[in-house]
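**Q** sequence and computational prediction follow.
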Amino acid sequence: MFLGSKLREHVKHKVLQELEGQCLGKHGYVISVLDVKDEDILPGQIDNDTGSVNITVWYSVILLRPFRNQVLDTVVTLASDENGFFTKVGPLMIFVSRHNMPEDISFNPIAGDCWVSEDEKVEIREGSLVRVRIIGLNFDAGNMSAIGTIKETYLGQLEI
């Protein structure tokens, strides 16, 4: 069924279907498969034990591969907790603890679940753009998360 004249199209479709949007552990998230060339699909080998065909494929992808101390512009997804807020860049979720924020920023549930500075110039709420430095990464099975900080110069809420 798949070993006929449409083998290459089936292999390309399978690579796209299985890789895009997946987390490859410490390698990062596959954002997009750019190219699977016909000449990069090598001839298959039949496994004598199972009868399946193993095909080696070379492809090009765009990865989101964050690293420690990297600075990212993110969007706040959840700011309704007094322990910190969550931001997201692509599929990567970053938690910013209240201990990793400047001392003058505090949680204000009265103003609509947001983090507000004492001078009220900074207001971090759901949908806000925030520049975050990654201070730690966690790799789980098929998932990646990070811990961030906004406690340094040039980090924090971005003005539009």
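**A** Noted; the coordinates are in hand.
**Q** which residue ranges of the chain form strands?
**A** 29-35, 45-46, 53-54, 60-64, 71-81, 84-89, 92-97, 105-108, 114-117, 123-124, 129-140, 143-149, 156-157 (DSSP state E).
**Q** and the residue of the chain positioned farthest from its centre, what's its pLDDT?
**A** Each residue of the chain has a distance to the centre, and by CA atoms, centre = their mean the biggest one is for Asn48: 39.2 Å. pLDDT, Asn48: 86.
**Q** backbone phi and psi for it, please?
**A** phi -70, psi -30 (degrees, to the nearest 10).
**Q** pull the contacting residues for it.
**A** By CB atoms under 8 Å, 6 or more residues apart in numbering, no residues touch Asn48. Bear in mind the C-beta positions are built from the backbone N, C-alpha and C, glycine included.
**Q** so it versus Ser60, what's the distance?
**A** 32 Å (CB to CB, to the nearest Å).
**Q** ok, now Ser97?
**A** Where Ser60 is concerned, Ser97 sits at a distance of 37 Å (CB to CB).
**Q** comparing those two, which residue is more hemmed in?
**A** Ser97 (14 against 11; other CB atoms under 10 Å).
**Q** which ones are touching the more buried one?
**A** 83-84, 147.
**Q** just the pLDDT for it.
**A** So Ser97 comes in at 95 (pLDDT).
**Q** give me the residue at the spatial middle of this protein.
**A** Leu92 (2.6 Å).
**Q** what about Lys37, how many residues nearby?
**A** Residues near Lys37, counting by other CB under 10 Å: 12.
**Q** right, I mislabeled it, should have said Arg133
**A** Residues near Arg133, counting by other CB under 10 Å: 19.
**Q** and what of Leu24?
**A** When neighbours are counted by other CB under 10 Å, Leu24 comes out with 15.
**Q** ok, now how distant is it from Phe139?
**A** Separation of Leu24 from Phe139 (CB to CB): 10 Å.
**Q** and for Pro102?
**A** Applying CB to CB to Pro102 and Phe139 gives a distance of 29 Å.
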